[in-house]
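Student: One predicted model, sequence on top.
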Amino acid sequence: MACLSYYRSRRHPVSALFVDYGQAARSMEAKAVSAICRRLGVPLDTARLRSSTSIAIGAIRGRNAFLLDLALMSAEFDFGLVSLGIHGGTVYPDCSETFVERAQRVYDVYAGGRIRIDAPFVNWSKRDVYDFAVAQRLPLDLTYSCLVGRKRPCGSCESCKDVEALRAS
């Protein structure tokens with residue numbers, strides 16, 4: 001939601017892609033992203049990966065690379081931006097400027113520099129992104145962040161703890 005708002009405030013046309021890759025929270029995430037896109041008036045597309053492999057909860061090796069590659073495959077444009085809503089301050093190697101630069105090299109093989117990866121929050125903390133969303137008066141109550149995927153957030157996974165800490169301060 002923060003990425004959508006970020007680009008809309010800069011007058012970029014935006015659309016969203018939700019990816020169901022078998023994650024435990026896919027159902028609740030799909031409901032949240034649908035509600036967010038309806039509220040913001042943003043077109044939404046969905047991609048689904050079907051596999052017999054179980055997707056772990058927590059860090060998923062290769063997830064952001066997969067999401068970027070799928071976004072490139074799904075792009076209905078020959079020139080533009082694909083945004084990745086990663087933020088700084090994490091231990092994940094695919095939430096860094098280095099990752100974005102390397103992923104861009106792959107994009108350049110296929111799109112010759114016409115489609116760029118943009119990660120506007122890569123140097124922002126989660127707090128910075130949250131504060132941006134609050135300042136933009138975004139409907140944060142529509143978001144869903146629990147990794148477990150229950151109707152009510154579990155309150156104990158890393159995502160739930162992060163949300164609780166943000167809202168507490």
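Tutor: Perfect, thanks for sending it.
Student: can you give me the strands in this structure?
Tutor: Taking DSSP state E as the criterion, the chain contains strands spanning 16-20, 44-48, 80-83, 115-118.
Student: can you tell which of those strands is closest to residue 105?
Tutor: Distance to residue 105, taken as Cβ to Cβ, is lowest for strand 115-118 among the strands of the chain, at 9.9 Å. Backbone N, C-alpha and C define where each C-beta goes, glycine included.
Student: now the closest one, how far from the centre of its chain.
Tutor: The chain centre lies 14 Å from the centre of strand 115-118; the measure is Cα atoms, centre = their mean, to the nearest Å.
Student: Residue 16 and residue 58, how far apart?
Tutor: Applying Cβ to Cβ, to the nearest Å, the value for residue 16 to residue 58 is 24 Å.
Student: Which one of those two is surrounded by more residues?
Tutor: Taking neighbours as other Cβ atoms under 10 Å, residue 16 and residue 58 compare with residue 16 leading, 18 against 8.
Student: I'd say the more buried one and residue 39 touch.
Tutor: No: counting by Cβ atoms under 8 Å, residue 39 is not a contact partner of residue 16; they are 11.8 Å apart.
Student: joint contacts of the two?
Tutor: Counting by Cβ atoms under 8 Å, 6 or more residues apart in numbering, residue 16 and residue 39 have no common neighbour.
Student: most centrally placed residue in this structure?
Tutor: Among the residues of the chain, the one closest to the centroid is residue 85, at 4.6 Å (Cα atoms, centre = their mean).
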